[in-house]
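[1] here is the input, now give the coordinates:
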Amino acid sequence: MSGDETGRLIYLVLLGCVIGSYFFVSGRKQLGETARAAALWVFIFLGVIVGYGLWNDVKQTVLPQQTVFGEQGVIEAPRRGDGHFYLTLTVGDVPVKFVVDTGATDVVLSMQDAARIGINEDELVFSGQASTANGIVRTARVRLEDVRVGDLDEGTVRASVNEGDLETSLLGMSYLQRFGRIEIRGDTLLLER
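    Predicted coordinates for the structure are as follows:
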């Protein structure tokens, strides 16, 4: 156990002693009821500790994350509950979540994601057009510098900024063609260089 973990354990034990002492002192006349209440709080406390300890395992099951094997040039992305595959690319130092979209030609940023990575909306020139399920939208071409996926350095990636309402940025074929193999195996998307 590290020093921080030991300190937290001591703090929790002291907190438990204070709470237990309060129950004992305040309920001396109704000792049976106090014992039941104390037992209930002990079970709640233990439940929180067990839940906290198991959270990483539960989180990986409920919200699985992408895995990048940099040396092999392989990315594995789990299918999410909505049926889509998502990849998080880091642009500069900002993580951006993309939905993998083989029906999209380009990498397309939402206006919100473009602003998060430092693209000034006032400097964008919306000279392009894209056909979407919601009709034609205007787009502006941009270059994303210092793009990474885990340990994989992607360098510069060309993208478009969508002027319309786009909830999640799209990772289209212009990015996916960087991979030699794209495979869906069960509920896992495999991208391999």
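[2] against residue 101, how distant is the nearest residue to residue 103 once chain neighbours are set aside?
    Counting by CB to CB, 6 or more residues apart in numbering, residue 172 is the residue found nearest to residue 103 once chain neighbours are left out, at 7.8 Å. C-beta coordinates here come from the backbone N, C-alpha and C atoms, glycine included. From residue 172 over to residue 101 the distance is 5 Å, taken as CB to CB, to the nearest Å.
[3] residue 13 too?
    Shown here: residue 13 relative to residue 101, a distance of 52 Å by CB to CB.
[4] so which of the two has more stuff around it?
    Between residue 13 and residue 101, counted using other CB atoms under 10 Å, the more crowded position is residue 101 (20 against 10).
[5] same question for stretch 35-48, mean pLDDT?
    Mean pLDDT, computed over stretch 35-48, is 78.
[6] stretch 92-102 now?
    The model assigns stretch 92-102 a mean pLDDT of 94.
[7] extract the CA atoms of that stretch and return them as CSV.
    These are the backbone C-alpha positions of stretch 92-102, laid out as CSV (Å, rounded to 0.1, in the frame of the first residue of the first chain):
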residue,chain,number,x,y,z
GLY,A,92,-2.4,18.5,-30.0
ASP,A,93,-3.3,17.8,-26.4
VAL,A,94,-7.1,17.7,-26.8
PRO,A,95,-8.9,14.3,-27.0
VAL,A,96,-11.6,14.3,-29.7
LYS,A,97,-14.2,11.5,-29.9
PHE,A,98,-15.1,10.4,-33.4
VAL,A,99,-17.7,8.0,-34.7
VAL,A,100,-16.2,5.6,-37.3
ASP,A,101,-18.2,6.3,-40.4
THR,A,102,-17.3,4.3,-43.6
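[8] now do the phi/psi pair for residue 189.
    Dihedral pair for residue 189: phi -90, psi 130, per degrees, to the nearest 10.
[9] looking at the protein, which strand is longest?
    Ranked by residue count and defined by DSSP state E, the top strand of the chain is strand 135-149.
[10] what's it in contact with?
    66, 68, 75, 87-92, 106-109, 114, 117, 119, 124-130, 153-164 (CB atoms under 8 Å, 6 or more residues apart in numbering).
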